[in-house]
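K.L.:
this one's sequence-less:
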């Protein structure tokens, strides 16, 4: 998964689906791409950002 694919995943899916993909991924690079896409979404202050923060606690601290 590339960063662009991860960004699309974050944009087009609900928070539970994003968390599921993140949790099931064994590839650290995929997890990093999803993590970076979530951070990007949070920095844009979208309505989904608060839910993402709750679903992935600690992400702002990284």
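P.N.:
Now that the structure is in, tell me what you want to look at. What you see is a predicted model; the values in this text were computed from it and never measured. Residues are numbered from 1 along each chain as shown.

K.L.:
pull the longest helix from the chain.
P.N.:
helix 28-43 (DSSP state H).

K.L.:
Tell me the helices and strands packed up against that one.
P.N.:
Other helices and strands packing on helix 28-43, by 3 or more C-beta pairs under 8 Å, 6 or more residues apart in numbering; DSSP states H and E, are helix 3-12, helix 15-24, helix 47-55. (Each C-beta comes from the backbone N, C-alpha and C, glycine too.)

K.L.:
Would you mind measuring from residue 19 to residue 35?
P.N.:
Here residue 19 is placed at a distance of 12 Å from residue 35 (C-beta to C-beta, to the nearest Å).

K.L.:
Compare these two and say which one has the larger neighbour count.
P.N.:
residue 19 (18 against 15; other C-beta atoms under 10 Å).

K.L.:
Would you confirm that the more buried one contacts residue 55?
P.N.:
Yes: the criterion here is C-beta atoms under 8 Å, and residue 19 meets it with residue 55 at 4.8 Å.

K.L.:
which regions of this structure sit below the pLDDT cut-off?
P.N.:
Scanning the chain for pLDDT under 70 picks out the ranges 57-62.
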